[in-house]
Every structure is written in structure tokens, then in C-alpha cells.
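S.K.: let's see this in three dimensions:
(chains A and B)
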Amino acid sequence: MKTDPSGVLTGQHYLDGDHACGEGAMAAGCRFVAGYPITPSTEVVERISRRFPMMGGTFIQMEDEMASMAAIIGASWTGTKSMTVTSGPGFSLMMENIGLAAMMETPCVVVNVQRGGPSTGLPTMVGQADMMQARWGSHGDYETIAVAPQSPQEAFDVTIDAFNISELYRVPVMVMTDECVGHMTEKVVIPKAEDIEIVPRKLTDKPPGEFWPYVAGKSMIPEFARAGDGYRFHTTGLTHNERGYPVMSAECQQECVTRLVDKIRHNAEDIVRYEEEDTDGADVVLVTYGITARVARRGIDIARRKGVKVGVIRLIVVWPFPERRIRELAPKIKGFVVPEINYGQIVLEVERCAAGQTRAALVPHMGGTVHNPEDIANAILEAAK
Amino acid sequence: MSKIAEQTHTEEMEHPVSPYLRMDRIPHIWCPTCGIGTVVRCYADALEHSGVDLDKASIVSGIGCTGRVAGYMRLDAFHSTHGRAIPFATGLKLGRPELLVTVFSGDGDLVGIGGNHFIHAARRNLDILVILVNNFIYGMTGGQNAPTTPITARSSTMPFGNFERPFNLPHLAESCGATYVARWTSLHIRRLTKSFREAISRKGFRFVEVIAPCATLYARLNKLGTGFNLMRFYHDNAVIDHDADTRDLDISFQDRIICGKFVDKERPTYSEMMHEHFNKILGEKFVPLPPEGGMLRDTEPKKSPKGKKPAKTAEPKRKTSKSKSGDK
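M.R.: Predicted structure coming up:
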């Protein structure tokens, strides 16, 4: 379906990534946002709070990030598309209810404008060290989806995608942007509303009385009923059966958790998205994402001028990971190079998928600024030896 | 004799509140002589006699013994995380303003781990009814000290008796801005039901504390006998004083429990404040979230064409309350 034009600021703009992300949410039909101030993400909700009253949206500044996350889950159960926005420390506080959103199968979007960590770390400076937290941060087994934009334009685009994917698979989707993309100002083109395709909340056709909230067929995605439509359903963070009733047994746990994970794993090929460049006949393939993908361009140029054939896989959807593609490339190349603003997160996934068929070299950076492109170039040259 | 003959038919009779309960989940998990069931019964009675549209009524619980209440009510029911029932309810209420939202949870959940959410929702005057069952202890986890445990009472983590000062909950709620504040025990069935009915009919942050026996843990650890003994204690020691100053409502160990309706006043709700403010500042440009929520739908004609505002009120229609204490 086409989106509601009231949230779409069609035209060419000069926006930073945070504002672009906020515009993406509004264009996607988000009408409830709960947030708590935290640098460097606050501009997202500042923009939304200024524009929401004119489009039937509600923004509330909650008392903390636990409350923000809980509130967007509650709002999502009314069918209202909802989002929260934070950075590292707030992301940690949201983990509890991100697990609840996964368990209740609640579509919602969580934006993390990453800064340096751990703890309070570098509040105003860049990091990319929450990537594994986006995947595993809440306790228990579950799968989420995470996207990582490399520019303000992409922050706009992938935020819309994040809403759409969260509706399709009924999971929280993380927009894992970073301080650099968030505070970088570039041209952002916002299309006309009729050119923005959105996935609306699909409500069940079943009448009340014949509906149970967690009956999932082959698709593994249950049908949705919203609060206030007479279904009188029950949903819980406890392990539950198809009726949404708690069942404390190993059998029910097996069924419940397997589906929560498999609905993403089995659809991973449809969800993964990456840009691929010059991987045919490449000596070295760079696997990169977010702001580091931009910085790496210069490193790639340097290495190419020195005669190395460099291919690039730029992750747009980070979780689920493009496992199959990495596995295919591994035996054909001399090595992967993974620059990231952390001490090794996505590189572990590349290494796992390469399964010993080639090396995966990390170009680490602890954060506070982006990589020196020379370091990336040197890592490529080293890998090409 | 005829009475006994009649009783043989009771098996086929429906329990009077069964339309409000998920009978397919009964029996419940609560211990014999636990007070929570009685409070649920009073709430169901109040729903029945309030004439609310049950399809539009939602209930949210956190975690704990009382946290299980949402699971037994035949409403749209959300069993959320520990302490987060109120923020969850905040999203539910603001996401679809026409809903009647009740938060039903325990003392540990709502004012222990969830205390911050409690005071902020009261401050905002969020339009929700909060029912707090206070059994003075963490029951589900085995009798640990609660922010409500009276001084000197024993708990499993205060084996030599509690020395931390407990909350005076009606005072906390009033100080933070609640529009309706009452306290009863689970013995006060008639008054509690009436209080629930009143609270359902009011607007804003409404708070009802219900003192209830925990025979399995609180009474056992403190050698207070059975639930029956605790109910008898309430009978002998509950004092009804509607005019009591909420500052004087502390509960000491095995001392009198002052009950009553302490606050019943009008104050604009969060949504009313927001609407009034945006109408004033933004005028025609302001488009409130419609009462049925902000869900975008393919099949329906557009709800709010530009410039035209949807239905004015975002709150469910309810009787207006009489100001008791003169809010101005």
C-alpha cells in the first residue's frame, strides 16, 4: 500500500542522518514514538516531536529507556506503528523489553545511533560496537533484524524498510546507525507519498472466538489482532502456546522458541540485503557497513592503485547475515578484510561463514573517530599477499 | 431439604463473573486464602456494573502473583515484563485513546522495580486505572522484602525483621498527582467494588491499593496464622476514614490499617493537556491521533482529510466526577 502523505516531506533536503531517520519513520507511517534523551540520537525525536502534532502522531518523552521500549510495544498492539530511538546506554536498558517484543511478536523499530562504549564511553563520538548486542542483547534465544545505513539518504530509506520488515515478520527491527551518519549532513531526497510503498499492519480476518493470537501456519508468522477490536486475546512474555497462554513445559518451550527463531532464519534469504562490487576475480573482499563503508572507499582506492583486486560486500541488512554469499566467496579469494569501529564483532561472523576456507582480517578501531583509510588499505595489501 | 436438592444443579450453573474470566485457564495458580482472587472478583463485578464496553477494555499486568491477573481476565490482556506494566499501558492508551486501560499488579512490581514509572504516570495524569494488590512481600519469588514490608516484619531477605521504611502508597500517589486514591483490604468486598466502579468512571491516574493476605509467605514467616487469621485481623484493625490526610496512612506491623477514599478530584489528563495545548498553539494545523488509534489502513477511506479534525475527544465517555476536595 502507498503511505499516508501527511507524514511525507517530499522534496530535496539537506539533512543530517538523525533527521533523515526521523523523516523515514514518519514517511513509513509511524505515529507513536516514545523516547528518552541521549546523545547522539536525540535529534531524531526532536524532529519527530516538532512534526508529529500535524499528522496525528503522538510523541512522549518517557522517564527512561525501559519505559520507552515498553510504551512502543503497548502502542504497537493498538496497530499504531511505533518506534523508539536511543544510543548505547539506552540500548542496554531497552534489552529487557526488546526480548518482550520478540516474545510477543510485536512489530516495532528501535533506532540505535551508536557511540563509543562500554558504559558511558564517548557520548558524542562514533562507535559501531553494539552490533552483537543488536543480535544477542536480550536474554534467551530469539532472532531480530538489524539494518545499518551509510548515509543520511540511506538512513531515510532503511528506516522505512525497517518498519516494513518488522510488519512482515513481527519482530523488533534495529536501525543500527552511528554518530557519524547521524550527524553528517548531506542531500536527502524524499520521494512523493505515492512512490513510498509500505506494509500496513495486517489484521486477522477471523471473527472473535475463532481467533488465537499465536496460531502460525507454514509462514510461521501468526495473524494479528489489535487491542480494542473485541478479540479479547491474551499475550505474555512467558513461554506460551497458540492461545497465548503460559505453558511451563519443555515441549512448549521447544515449539515456541523454535518458531521465534526459525521465522527469521528460514526467511533469511529474503531479508538479507547487501551491495556487492567487483567480487568476480577479486583477491580480497572487504566486508563493511555503516560509516566505515564510506571511509573504506579511500582505502579501497589506495589498494587498487597498488594493483590489488578488491571486491566489496557492503551490508545494508546486517542481521540476518548474508551467510551463503560469504561462504560462496570464501574459497575463491585470498582473504576477507573487515574494518569496523569495535574490537571485532562482524568479523567473527565473516570468519564463521568462511569456515576456514580463507582468512578474515579485522581492522579494529576503538571509536571516537573513523578509521584512517591507510590502515584499511594496508590490511587489504596484507591480505592480498 | 429442597435447598440441598437445588444445589445439585449448581454444577451446570455459570459462575456469575465467568463471562469476565478466562474459564479455560481456571484453576488459577494462587494459593488457598490468597487475597488476589477476591480483588479480581470485585473488579469483575465493577466492570459488570459500570456498563463499560468490554471490547474496548484492556488490562496490563507486570510480573508476580498479582501479575497473573491479566492472564485470567477475559479482556485484551497483556502480561508484560517486571515493573513495566505502567509504561506498556502508556503506549496502549496513547496508541488507541478510546481504550479503557487498567493496570493490575502487585506492590513489588508497581512500586519496587516499577516505582519510577508509577510516579511519572501519576505526574502526567495518564488516563489509566492502577489497581495495586499489596501483600507486603514478594510472593512469587518466595517471600523477599518488599518496598511495602512494614518495619520489623520478617521476610526471607530480612530474616531478623525489616528495618527499611516502607512506602505510604496513597500519599505517594496523591503527591504525584493521582486524581483518585483509595485503599481497602480484600475483606472490604462491597466498598472495594464500589471504589473500582467509581474509579472506572473517573478520568486520569486513578489508584486503588488493596491490602491482601499472603498466607503462604507473609503470614507464615511472621507467624500470623492463616489467611483467615489475617482477614480477621483486617476486620478488627481496619479503620475507615475517608477524610484522613494521606500523610498519616503509613502501615506499621500488625497495626491498624486506615482505609477509605482519600482523593477524588478532577485534573486534566495527559491527552487533554496535550490537545488543549496544541489546539492553542497550533490551531487548525493540529491533527490529534484519532480515538481508534493511528493505524494506517488500506481498506478504509482516509480518516482525517487535511484541515478537518477527527472527533474532538480522545477519552472514552464517562461520567464526570464531583470534585470532593476542591482541586482549585
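
S.K.: pretty sure residue B:219 sits against residue B:228.
M.R.: No. Checked against C-beta atoms under 8 Å, the pair residue B:219 and residue B:228 is beyond contact range at 9.7 Å. Just so you know, the C-beta spots here come from the backbone N, C-alpha and C atoms, and that holds for glycine as well.

S.K.: looking at these two, which has the bigger crowd around it?
M.R.: Neighbour count, other C-beta atoms under 10 Å in any protein chain shown: between residue B:219 and residue B:228, residue B:219 has more, with 22 against 12.

S.K.: need the contact list for that one.
M.R.: Residues in contact with residue B:219 (C-beta atoms under 8 Å, 6 or more residues apart in numbering or on different chains) are B:213, B:225, B:226, B:227, B:229, B:230.

S.K.: measure the residue lying closest to the third one once chain neighbours are set aside to chain A for me?
M.R.: In space, and not counting its chain neighbours, residue B:226 is closest to residue B:215: 5.2 Å by C-beta to C-beta, 6 or more residues apart in numbering or on different chains. Spatial separation of residue B:215 from chain A under the definition C-beta to the nearest C-beta, to the nearest Å is 23 Å.

S.K.: just give me the neighbour total for residue B:215.
M.R.: Neighbour tally, residue B:215, other C-beta under 10 Å: 21.

S.K.: and whichever residue of the stretch 51-200 of chain B sits closest to chain A, which helix or strand is it part of?
M.R.: Going by C-beta to the nearest C-beta, chain A is nearest to residue B:91 of the stretch 51-200 of chain B, at 2.8 Å. Using DSSP states H and E, residue B:91 sits in helix B:85-95.

S.K.: any residue of the helix or strand following that helix up close to chain A?
M.R.: The helix or strand immediately downstream of helix B:85-95 is strand B:100-106, counting by DSSP H and E. No. Contact of strand B:100-106 with chain A (C-beta under 8 Å from any C-beta of the partner chain) is absent, the minimum separation being 8.7 Å.

S.K.: still on that earlier bit, dump the residue contacts of the residue nearest to residue B:226.
M.R.: Counted by C-beta under 8 Å, 6+ apart, residue B:215 has contacts B:31, B:32, B:33, B:34, B:226, B:227, B:230.

S.K.: who are the contact partners of residue 38?
M.R.: All of this is about chain A. Counted by C-beta under 8 Å, 6+ apart, residue A:38 has contacts A:65, A:86, A:87, A:89, A:90, A:123.

S.K.: right idea, wrong chain: chain B
M.R.: Counted by C-beta under 8 Å, 6+ apart, residue B:38 has contacts B:186, B:189, B:212.

S.K.: what about the strands in the stretch 201-328 of chain B?
M.R.: For the stretch 201-328 of chain B, strands defined by DSSP state E, counting those that start in this stretch occupy the ranges B:206-211, B:238-240, B:257-264.

S.K.: deepest of these, which one?
M.R.: strand B:206-211 (a mean of 28; mean count of other C-beta atoms under 10 Å in any protein chain shown).

S.K.: what about the residue nearest to residue B:296 when sequence neighbours are not counted, neighbour count?
M.R.: Nearest residue to residue B:296, sequence neighbours excluded (C-beta to C-beta, 6+ apart): residue A:29, at 4.5 Å. Residues contacting residue A:29 under the criterion other C-beta under 10 Å number 28.

S.K.: correct me, but residue A:29 touches residue A:167?
M.R.: No. With contact defined as C-beta under 8 Å, residue A:29 does not count as touching residue A:167 (9.6 Å).

S.K.: need the residues touching each of the two.
M.R.: A:81, A:200.

S.K.: list the contacts for residue B:86?
M.R.: Per C-beta under 8 Å, 6+ apart, neighbours of residue B:86: A:67, B:60, B:103, B:110, B:114, B:117, B:118, B:121, B:126, B:128, B:130.

S.K.: now do residue B:194
M.R.: residue B:46.

S.K.: swap in the one 3 residues further on?
M.R.: Taking C-beta under 8 Å, 6+ apart as the criterion, residue B:197 is in contact with B:46, B:49, B:50.

S.K.: per-residue pLDDT, it?
M.R.: With respect to pLDDT, residue B:197 scores 98.

S.K.: for it, give me phi and psi.
M.R.: Dihedral pair for residue B:197: phi -60, psi -40, per degrees, to the nearest 10.
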